[in-house]
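> 3D, please:
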Amino acid sequence: MSKHVTVASILGALGLSIVLAAAGTGQTAAPPAARIGTFDSRAVALAYWRSAEGMARLEELHADLEKARAAKDEKRIRELEIEGPGRQVRMHQQVFSTGTVTDILARIQTSIPAIAKEAGVPLVVSKWEVAYRDPSVECVDVTPQLVALFHPDEGVRKMLEGLAGQEPVPIDQLSKDPNH
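Residues are numbered from 1 along each chain as shown. Below you'll find the model as predicted:
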């Protein structure tokens, strides 16, 4: 063998070992963290119930009660007098605690996939429903995008800012009395 071939072989092997050393320490790289979309269900509930659609639902309930009273439909009056306070309790659970907002999400269901895609997440869940999260999982907050679907006005946006800094009231500590 000539000196040139031997030197070239040594330099080639040395270069290869430098490249391999620079590529890692022999350990495999950790896979990228999983990403999930999370949202504050209280904010979604507040934005919905203060939206034109949410307010219209409440007004419709009141109008139905007035119609039933005008018609002296005692059965319907009793039904609505139960439904109204029950709805109020559920709204309090949703806005002040961690009550489910599946009824509200159903109204925006067709928009959620686009929000998830934009955030780069394959799953969107209430942050209050995550029982465990491995530290390698990255939670991406999609609350603002969900809230925006209800077109909150300035007053609602201010309420949302205040809500963000507060922990939810434990649901079992909320009054079941709709007047409190």
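> Which parts of this protein are helices?
Under the criterion DSSP state H, helices of the chain are mapped to 3-23, 41-49, 52-70, 74-96, 102-108, 112-119, 143-148, 154-164.
> And the shortest one, what's buried?
Under the neighbour-count criterion of 16 or more other Cβ atoms under 10 Å, helix 143-148 has 143, 145-147 buried. The way it works is simple: take the backbone N, C-alpha and C, and place the C-beta from them, glycine included.
> Show me what it is packed up against.
In terms of contacts (3 or more Cβ pairs under 8 Å, 6 or more residues apart in numbering; DSSP states H and E), helix 143-148 is packed against strand 35-39, helix 41-49, helix 112-119.
> Quick one: closest of those to L163.
helix 41-49 (5.7 Å; Cβ to Cβ).
> quick one, the closest one and helix 52-70 angle?
Helix 41-49 runs at 60 degrees relative to helix 52-70, counting by axes from the mean of the first three to the mean of the last three Cα atoms, to 10 degrees.
> quick one: helix 41-49 to chain centroid distance?
Taking Cα atoms, centre = their mean, to the nearest Å, the mean C-alpha location of helix 41-49 is offset from the chain mean by 10 Å.
> list the buried ones in that helix?
41-49.
> For that helix, report the contacting residues that lie outside it.
Helix 41-49 is contacted from outside by 54-55, 58, 91, 94-101, 104-105, 107, 126-128, 143, 146-147, 149-150, 152, 156, 159-160, 163-164, 168, using Cβ atoms under 8 Å, 6 or more residues apart in numbering.
> about what we covered before: closest one to D177 among the helices and strands packed on helix 143-148?
Closest among these, using Cβ to Cβ: helix 41-49, at 18.6 Å.
> Present the helices and strands packed on helix 143-148 as TSV; the columns should include mean pLDDT.
Formatted as TSV, those follow (pLDDT from 0 to 100):
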stretch	mean pLDDT
strand 35-39	97
helix 41-49	97
helix 112-119	98
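> Would you enumerate the residues in contact with the closest residue to K176 other than its chain neighbours?
Counting by Cβ to Cβ, 6 or more residues apart in numbering, V89 is the residue found nearest to K176 once chain neighbours are left out, at 5.9 Å. Neighbour list for V89: 174, 176-178 [criterion: Cβ under 8 Å, 6+ apart].
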